[in-house]
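In: sequence and computational prediction follow.
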Amino acid sequence: MKYKPLLSSKEGINFKGLTLHEALETAKKENKPLFVFAHASWCPTCKQMEKEVLVKKELGDSFNEDLLNVAIDIDSPAGKQLQQSYPIRATPTLLFFNADGSLKKKVEGSASSDELLAVAASFKK
């Protein structure tokens, strides 16, 4: 059975299924920073992060209100497009963009909820 990522939870971060181009356009329109969770179906660290970090209420509260959240499978056509612009050397890779589309931060590998909250807070300064 093909692995289906847990990309929306009741309390955690809710992700939209957009391409990077669509996400950047939407972020610009809404004047919101963009968070891209670049994952892969075969990636155990991605699955662990989905089950243990991305479902946390404090992340959902912060990210769902203040950021546009998009998950892109790096093996999908949208993922291949993403990799042309932002080469991905590790999964997951977390990309944070300013509302104007410029890359603010790239995190390769897993991150804790505290690390993610710190990046989200940095957009409010």
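Out: Received it, and whenever you're ready, just let me know what you need.

In: beyond the helix or strand that contains K51, next helix or strand please.
Out: Assigned by DSSP states H and E, K51 belongs to helix 44-52. Using DSSP H and E, the next helix or strand after helix 44-52 towards the C-terminus is helix 57-66.

In: sorry, back to before: tell me the mean pLDDT over the helix holding K51?
Out: The average pLDDT for helix 44-52 rounds to 93.

In: tell me the secondary structure for the closest residue to S62 other than its chain neighbours?
Out: Closest residue in space to S62, ignoring its immediate chain neighbours: A120 at 4.8 Å, by C-beta to C-beta, 6 or more residues apart in numbering. C-beta here means a position set from N, CA and C on the backbone, and glycine is covered the same way. Using DSSP: H, G, I helix; E, B strand; the rest coil as the criterion, the local structure at A120 reads helix.

In: in stretch 73-81, which residues are buried?
Out: Neighbour-count burial for stretch 73-81, counted by 16 or more other C-beta atoms under 10 Å, picks out 73-74, 78-79.

In: so the closest residue to G60 other than its chain neighbours, which state does it fall into?
Out: Using C-beta to C-beta, 6+ apart and skipping residues adjacent in sequence, the residue nearest G60 is G12, 4.5 Å away. Using three-state DSSP, the three-state assignment for G12 comes out as coil.

In: ok, now F37?
Out: Per three-state DSSP, F37 ends up strand.

In: does it touch L94 like I think?
Out: Yes: using C-beta atoms under 8 Å, F37 is in contact with L94, at 6.2 Å.

In: would you put the C-alpha positions of the helix holding K51 in CSV?
Out: C-alpha atoms of helix 44-52 as CSV (Å, rounded to 0.1, in the frame of the first residue of the first chain):
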residue,chain,number,x,y,z
PRO,A,44,11.3,7.4,7.8
THR,A,45,12.4,10.8,9.2
CYS,A,46,9.5,12.5,7.3
LYS,A,47,7.0,10.0,8.7
GLN,A,48,8.3,10.5,12.2
MET,A,49,8.1,14.3,11.9
GLU,A,50,4.5,14.0,10.6
LYS,A,51,3.5,11.8,13.5
GLU,A,52,5.4,13.5,16.3
